[in-house]
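A.B. asks: Can you look at this prediction? I've put the sequence above it.
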Amino acid sequence: MTEAPEARQLVEAARQLFVAGVMSHSGHANLSVRLDADRFLLTPGFVRDLEPDQLATVSVDGQVLAGELRSVSAEIITMHGVVYRARPHVGAIIHTHSPAATAFAVAHRPLPCRTEPMLRFGQPEEVPVVPWGPRGSDVSVRGIADVLERRPTTAAVLLANHGLLVFGPDAAAAGHLVVAIEESAEAEIAAAAIGGAVDFPAGALDAVRASIARVSA
Ligand SMILES: [Zn+2]
């Protein structure tokens, strides 16, 4: 439907999720990128072997403007729309069932920020859990909106009994954060067997910022 640069970025981000090995067995995910204040591109109901012209154009209040969505995707429009409406600077959103992150979602356990990649790639705080509601339902969407309001700087939420929802300035950044979160969740679970993960020392984020500023100066 479209060959906008945003469409190619989204397709590449989807491909990278498979390359990074953060997909669940089903290969299920949905991704979107913002076109402007009112519209975004959304994957059509699958992400494997996706092509840019297969993306649908959707309004932030849930209307399909161009392209076609499989019926399962109609349910997830609102899951993306609520984030774009709540966060004007978000440029892309990725939802996956990445296995280790989903383990935290199933356990209703927020994922702490205790790894360097998560600290650096946009989530220097724990990933909160949104209470369960059927996918795309008012309960689920309201739950996401509530958590985004309570946690104004979080770039990701865990959807209880479901999976992960990550957002960022663009598709590549959101994809990197999905990978960082999945790695962190794996490390937390592995560390639990040897005494448990330990928090960063106080001031860790400031130290990372200072380090980044030094190398980019
Ligand atoms: Zn899902």
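C.D. replies: All right, it came through fine. Numbers count the residues shown, from 1 in each chain.
A.B. asks: Could you measure from the spatially most central residue of the chain over to Val83?
C.D. replies: Taking C-alpha atoms, centre = their mean, the centroid of the chain lies closest to Val166, which sits 1.5 Å from it. Separation of Val166 from Val83 (C-beta to C-beta, to the nearest Å) stands at 10 Å. Backbone N, C-alpha and C define where each C-beta goes, glycine included.
A.B. asks: again, but for Ala202
C.D. replies: Ala202 is 31 Å from Val83, by C-beta to C-beta.
A.B. asks: Repeat that for Pro124.
C.D. replies: 19 Å.
A.B. asks: Please compare these two by neighbour count and tell me which comes out ahead.
C.D. replies: Comparing Pro124 with Val83 by neighbour count (other C-beta atoms under 10 Å), the higher total belongs to Val83, at 25 against 18.
A.B. asks: Specify which residues of the protein, grouped into ranges, have pLDDT under the cut-off.
C.D. replies: 1-2 (pLDDT under 70).
A.B. asks: longest helix anywhere in it?
C.D. replies: The residue-count maximum for a helix in the chain (DSSP state H) belongs to helix 171-192.
A.B. asks: any idea which helix or strand comes after it?
C.D. replies: Counting by DSSP states H and E, the next helix or strand C-terminal to helix 171-192 is helix 204-216.
A.B. asks: rewinding a little: the residue nearest to the centre of the chain: what's its closest spatial neighbour, skipping adjacent residues?
C.D. replies: What sits nearest to Val166 in space, not counting adjacent residues and going by C-beta to C-beta, 6 or more residues apart in numbering, is Ala156, at 4.4 Å.
A.B. asks: Equivalent analysis for Arg142, please.
C.D. replies: Closest to Arg142 by C-beta to C-beta, 6+ apart is Gly133, at 7.7 Å.
A.B. asks: Tell me the buried residues in the longest helix of the chain?
C.D. replies: 171, 173-188 (16 or more other C-beta atoms under 10 Å).
A.B. asks: ditto for stretch 23-30
C.D. replies: Of the residues in stretch 23-30, Met23, His28, Ala29, Asn30 count as buried by neighbour count, 16+ other C-beta under 10 Å.
A.B. asks: Now, those that are in strands?
C.D. replies: Ala29, Asn30 (DSSP state E).
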